[in-house]
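Asker: Structure here, sequence nowhere to be found:
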């Protein structure tokens with residue numbers, strides 16, 4: 001089965017997803033305690049009913065109506081707590097909320113929770129959808145029942161009991177990228193920091209700095225295609241690798257580059273030697289991970 005790309009951003013792009021059909025009816029959950037909140041109890045029952053109906057190949061009319069709920073995560077809760085209390089699986093919460101890591105879910109995070117397990121998929125990925133249905137043993141009649149008769153005309157569909165690929169699951173769990181250096185020593189983290197060239201200013205650090213001597217071997221954190229190798233202002237000598245699902249990794253301030261544009265490299269392959277080029281205060285490797293152009297914290301993706 002091909003990997004599926006879930007192209008949703010619910011804060012700014014909710015109207016592009018299936019949620020726009022439910023925008024006026026999305027209820028807010030105040031608590032996830034099913035013992036006192038009957039709606040949570042109903043969600044858990046609907047999840048169980050959906051799994052049974054599809055796996056037993058029963059009539060599609062036995063499926064519950066697809067609903068979405070809004071929930072603001074409380075202090076002491078996290079991704080795994082929400083998942084457990086709603087009888088969800090990891091794939092569902094990740095897909096519906098376009099999450100890149102379980103660590104994104106903290107107190108105050110707003111999540112959208114459906115009343116059945118499944119994934120949201122762009123209909124332009126028609127072959128991917130058909131392949132997934134075959135792999136997971138999901139009959140097309142269930143997709144039609146949940147999304148309506150003309151679902152192929154929509155931009156996105158909800159696939160009940162659908163699953164993400166093993167590769168994207170590994171990316172989500174932070175098990176898909178290796179450290180680009182043999183020894184991982186972080187000297188500057190991701191996020192807001194004082195400008196190292198002007199202590200009166202702050203800047204947003206889009207990656208992490210890894211301490212190392214000039215000439216240290218730099219390895220590909222994950223397999224992919226070289227889409228940039230050369231000099232770029234700020235980064236100095238830079239290598240950019242494109243991976244699956246819109247991910248890219250950046251390796252900056254290099255002394256020597258050992259790959260060419262268009263090369264395909266494997267995880268752990270030597271791509272360069274570290275240096276002190278560009279906007280740098282001393283020898284180190286600047287390492288970034290991006291998804292669809294958005295900077296992510298590499299620390300949560302690197303498998304230690």
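Answerer: Sure, I can see it. Just so we're clear, the structure is a prediction, and the values are computed from it rather than from any experiment. Numbers count the residues shown, from 1 in each chain.

Asker: residues in contact with the residue nearest to residue 227 when sequence neighbours are not counted?
Answerer: Closest residue to residue 227 in three dimensions, ignoring its sequence neighbours and counting by CB to CB, 6 or more residues apart in numbering: residue 242, at 4.6 Å. Using the backbone N, CA and C atoms, a C-beta is placed for each residue, glycine as well. Residues in contact with residue 242 (CB atoms under 8 Å, 6 or more residues apart in numbering) are 224-227, 248.

Asker: which residue lies farthest from the center of the protein?
Answerer: In the chain, residue 200 marks the outermost C-alpha relative to the chain mean, sitting 34.6 Å out by CA atoms, centre = their mean.

Asker: May I have the secondary structure class of residue 129?
Answerer: Following DSSP: H, G, I helix; E, B strand; the rest coil, residue 129 is assigned to helix.

Asker: who are the neighbours in contact with it?
Answerer: So residue 129 contacts 121, 123, 143, 157, 159 (CB under 8 Å, 6+ apart).

Asker: at 10 Å instead, please
Answerer: Applying CB atoms under 10 Å, 6 or more residues apart in numbering to residue 129 gives the contacts 2, 4, 119, 121-123, 138, 140, 143, 151-152, 157, 159, 162.

Asker: ok, those residues vs residue 261, which is closest?
Answerer: Proximity of the contacts of residue 129 to residue 261 (CB to CB) peaks at residue 2, which lies at 25.9 Å.

Asker: rewinding a little: grab the two from the contacts of residue 129 that are most spread out in space.
Answerer: Spatial extent of the contacts of residue 129 (CB to CB) is set by the pair 2 and 151 at 19.5 Å.

Asker: who has more neighbours, these two?
Answerer: residue 151 (18 against 13; other CB atoms under 10 Å).

Asker: I figured that one hits residue 142, correct?
Answerer: No - between residue 151 and residue 142 there is no contact, the gap being 11.2 Å when judged by CB atoms under 10 Å.

Asker: where does the stretch 1-150 of the chain have low pLDDT?
Answerer: Within the stretch 1-150 of the chain, the segments meeting pLDDT under 70 span 1-24.

Asker: quick one on the thing from earlier: give me the buried entries from the contacts of residue 129.
Answerer: Neighbour-count burial (16 or more other CB atoms under 10 Å) is assigned, among these, to 4, 119, 121-122, 138, 143, 151, 157, 159, 162.

Asker: ok, of those residues, which one's closest to residue 220?
Answerer: Closest to residue 220 out of these is residue 4 (23.9 Å), distances taken as CB to CB.

Asker: My read is that residue 108 contacts residue 78, right?
Answerer: No - under the criterion of CB under 10 Å, residue 108 is not in contact with residue 78, lying 11.8 Å apart.

Asker: These two: which has the busier surroundings?
Answerer: Applying other CB under 10 Å to residue 108 and residue 78 shows that residue 78 carries more neighbours, namely 15 against 9.

Asker: which residue packs closest to the more buried one, ignoring adjacent ones?
Answerer: For residue 78, the spatially nearest residue (CB to CB, 6+ apart) is residue 105, at 5.6 Å.

Asker: Alright, that wraps it up for me.
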